[in-house]
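Q: this is the structure alone, sequence omitted:
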DNA sequence: TCCCTCTGAGAAAACCTTTTCCCAAATCGC
DNA sequence: GCGATTTGGGAAAAGGTTTTCTCAGAGGGA
């Protein structure tokens, strides 16, 4: 019904609607926007005419007038990454209801390219920019500090005085280690990534804190690569020479899911049962990995989509003129329990 | 140098440049665009003024006038997918040099959401749309057939009469199987995904063709899920009851990298050597999986970034008014050789 | 001197919508 | 019946740029 959907070669304008309804463009505009005063009957006639002709206002013209384009730019250097994707999805989700579209710009680590994209976005009068990346402790290769439009940082290192949303890595680590404690694990090891990552230290510290709080022995975290291979090697270090398994860990908290997968595979190869002999928890909750491990991997989820949503809403609020306190907001992680961490003693 | 980069609260307009240079806006416009006639000295003075004030033309105003917005929409239903991402990257790469920005719209499988996004894009006067997805044999949940702007399909099922770019799955399968043949493999198996996927049949047929051409025995492809677990199970079926390994395969061509990973793990658990006893080749070349298998996995790459580039360039050409033949273009895959497929007999 | 052609630059329309101001007619109070 | 208010709707400016048209003056040829 409605919309004679003839493949109109050129979009119908307000002027045409007005002519068809026998009124001026001013009246037509007001009728469609619920502004101005006119007979209800006139308003209805104009509405029907617009509907019949399939009129849709030209967003470009509106933007020009309102100085508001209902577009935002999303800048990332994480092309293939699994971090920025859920985040983007959250951003988009928060914005679509406000009629805001998202320009996606991947800038790799190329300053020139980043500059190019930012200028293109400014020229197109985006209402704001969300900057995101693949690491919480690295800048994008471009300066967004004095841009005269609002900028929100998400999952990337912000400029000083800016507003940023990041995951609470320490909190996430606490979730994992405390879960082990609740399960009665006594010797909990931590195998994680390289020292060059800030999150490695944040999580390691939380790991130590929780163990101390519970009066458990703290063994130094094992730092390595973010890879399965390192998880494998770490098991050799943790369980290697021990005759029997006297002092060996009964739980391993891993810095990401790939390490966890390596750990689980290596444990199985040694005939050590997961989760009965040793519990394992990963980080990132990368579904496709977590569900492919045997048994399926319990993992800390950074709630990146939620983080993206928050960032989107914050930007929207800023664009709407509401001021906001600068600073870094840490959003909580959540523990997704599958089967690799073990069941409670009584369960 | 240049650009007194005061954090100007409002962008500088052509009118201000003109005033500062003591000319009319018309002259200023012509000076900056290399149009019209004027003294070289006048032109230069205007250029310098614009530079000094940091003038950048308002893209919205330009678009309104030119009826060309230098934006395109990228529609996908593959939020987290590893398919659409490289593809997007290729699209963006092809367009950025033309000053074209990309609206990314993820529509999941939600018709209402898709409709919403398409209308938002049309309202914003995108110059064209690229539709992509996670499957070559499925439509997006929205009709893009009569849109009065150009549409290109990439890695998704096109409407009839449209222009589409897809990977040549049969060709990709040939690459893999022929490689096995060159390595002297004689009993090549095929473990792949569910029958509901068109690519499963395309690849299986190519698999059969190549074996027949080489006079090798064809065993029926094993259809299952796209998962590691299925790769595991398939090995049981292929190598299971055989005492010794008389009739067992000496090579397995897998429908994706996860299946291949399952196959390799299962073979190792049985003490069967890869690649010496059995060669394995995967599909998709999902780097993070392919490089984590032991040994690293040889795999067929669909060249999705290149595919995205082609799609972007084709759209650009269409937007530029050049007509193009409708139809489906298949772009070649390439075989990425790592260590799982084996070395040539003489090597 | 007269007519013609360049040269250099400005005025104004166009793109499409929104909003402010304005005005004529109708209604109301008395 | 007269002034004051309300009602219904239009004219015009604004947003920033591009492009077409116009025009004054300068120079050239006869």
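A: Yep, it's here. In this text, all values refer to a predicted model and were calculated from it rather than measured experimentally.
Q: for residue A:283, see how far away the residue lying closest to residue A:334 once chain neighbours are set aside is.
A: Nearest residue to residue A:334 in three dimensions, chain neighbours excluded: residue A:301, at 5.2 Å (C-beta to C-beta, 6 or more residues apart in numbering or on different chains). The way it works is simple: take the backbone N, C-alpha and C, and place the C-beta from them, glycine included. Taking C-beta to C-beta, to the nearest Å as the measure, residue A:301 falls 9 Å from residue A:283.
Q: more crowded one of these two?
A: residue A:283 (27 against 21; other C-beta atoms under 10 Å in any protein chain shown).
Q: thinking again about what came up before, could I get the phi/psi values of the residue nearest to residue A:334?
A: phi -100, psi 130 (degrees, to the nearest 10).
Q: residues from chain A in reach of DNA strand C?
A: A:10-11, A:13-15, A:25-26, A:29-30, A:32-33, A:35-36, A:55, A:57-58, A:61-62, A:64-66 (C-beta under 7 Å from any atom of the strand).
Q: rerun at 6 Å
A: Applying C-beta under 6 Å from any atom of the strand, we find that chain A lies next to DNA strand C at A:13-15, A:25-26, A:29-30, A:33, A:35, A:57-58, A:61-62, A:65.
Q: shaky segments in the stretch 101-250 of chain A?
A: A:241-245 (pLDDT under 70).
Q: so where do the helices sit in it?
A: A:111-123, A:169-182, A:198-213, A:228-239 (DSSP state H, counting those that start in this stretch).
Q: out of those helices, which comes closest to residue A:150?
A: Distance to residue A:150, taken as C-beta to C-beta, is lowest for helix A:111-123 among those, at 12.6 Å.
Q: next, the buried residues of the closest one.
A: For helix A:111-123, the neighbour count (16 or more other C-beta atoms under 10 Å in any protein chain shown) marks A:113-114, A:116-118, A:120-123 as buried.
Q: from the contact counts, what lies against it?
A: If you count contacts as 3 or more C-beta pairs under 8 Å, 6 or more residues apart in numbering or on different chains; DSSP states H and E, helix A:111-123 packs onto strand A:71-76, strand A:101-106, helix B:84-96, strand B:101-106.
Q: could you dump the ones you listed to TSV with mean neighbour count and distance to residue A:158?
A: Converted to TSV, the helices and strands packed on helix A:111-123 look like this (neighbours: other C-beta atoms under 10 Å in any protein chain shown; distance: least, C-beta to C-beta, whole Å):
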stretch	mean neighbour count	distance to residue A:158
strand A:71-76	25	13
strand A:101-106	23	18
helix B:84-96	24	24
strand B:101-106	23	23
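Q: make JSON lines out of these and add distance to residue A:89.
A: Shown next, in JSON lines, are the helices and strands packed on helix A:111-123 (distance: least, C-beta to C-beta, whole Å):
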{"stretch": "strand A:71-76", "distance to residue A:89": "11"}
{"stretch": "strand A:101-106", "distance to residue A:89": "10"}
{"stretch": "helix B:84-96", "distance to residue A:89": "12"}
{"stretch": "strand B:101-106", "distance to residue A:89": "6"}
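Q: nearest to residue A:145 among these would be which one?
A: Counting by C-beta to C-beta, residue A:145 lies closest to strand A:71-76 out of the helices and strands packed on helix A:111-123; the figure is 13.6 Å.
Q: and chain B, is that closest one touching that?
A: Yes. Interface with chain B: strand A:71-76 contributes A:71, A:74 (C-beta under 8 Å from any C-beta of the partner chain).
Q: how is chain A divided into domains?
A: A:14-57, A:69-168+A:304-333, A:169-301 (automatic domain parsing).
Q: how about the strands in chain A?
A: Secondary structure of chain A (DSSP state E): strands at A:71-76, A:101-106, A:128-132, A:151-154, A:163-167, A:188-192, A:222-223, A:251-254, A:279-283, A:298-301, A:327-331, A:334-336.
Q: ok, the second one near chain B or not?
A: Yes. Using C-beta under 8 Å from any C-beta, strand A:101-106 reaches chain B at A:101-106.
Q: surely residue A:263 touches residue A:253?
A: No. With contacts counted by C-beta atoms under 8 Å, residue A:263 stays clear of residue A:253, the gap being 9.9 Å.
Q: list the buried ones in stretch A:56-64?
A: A:57-61, A:63-64.
Q: and those residues near DNA strand D, which?
A: Answer for these near DNA strand D (C-beta under 6 Å from any atom of the strand): A:61, A:64.
Q: now tabulate the buried residues of stretch A:56-64 in a markdown table and tack on pLDDT and distance to chain B.
A: Below are those laid out as a markdown table (pLDDT from 0 to 100; distance: C-beta to the nearest C-beta, whole Å):
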| residue | pLDDT | distance to chain B |
| --- | --- | --- |
| A:57 | 96 | 7 |
| A:58 | 96 | 7 |
| A:59 | 96 | 4 |
| A:60 | 96 | 5 |
| A:61 | 96 | 6 |
| A:63 | 96 | 5 |
| A:64 | 95 | 5 |
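Q: farthest pair in the buried residues of stretch A:56-64?
A: A:57 and A:64 (12.0 Å).
Q: what is the burial count for residue A:177?
A: With other C-beta under 10 Å as criterion, residue A:177 counts 26.
Q: can you check residue A:341 too?
A: Considering only other C-beta under 10 Å, residue A:341 is surrounded by 26 other residues.
Q: isn't it right up against residue A:183?
A: Yes. Using C-beta under 8 Å as the test, residue A:341 is close enough to residue A:183 to be in contact (6.8 Å).
Q: ok, so what distance separates the spatially closest residue to residue A:178 that is not a sequence neighbour from residue A:26?
A: Spatial nearest neighbour of residue A:178, chain neighbours left out: residue A:210 (5.6 Å); criterion: C-beta to C-beta, 6+ apart. Shown here: residue A:210 relative to residue A:26, a distance of 67 Å by C-beta to C-beta.
Q: cool, and residue A:90?
A: 41 Å.
Q: contacting residues around residue A:343?
A: Taking C-beta atoms under 8 Å, 6 or more residues apart in numbering or on different chains, we find residue A:343 in contact with A:183, A:275.
Q: which residue does the stretch 51-200 of chain A bring closest to chain B?
A: Residue of the stretch 51-200 of chain A nearest chain B, by C-beta to the nearest C-beta: residue A:104 (3.8 Å).
Q: OK, contacts around that residue?
A: Contacts of residue A:104 by C-beta under 8 Å, 6+ apart are A:74, A:76, A:88, B:74, B:88, B:92, B:102-104.
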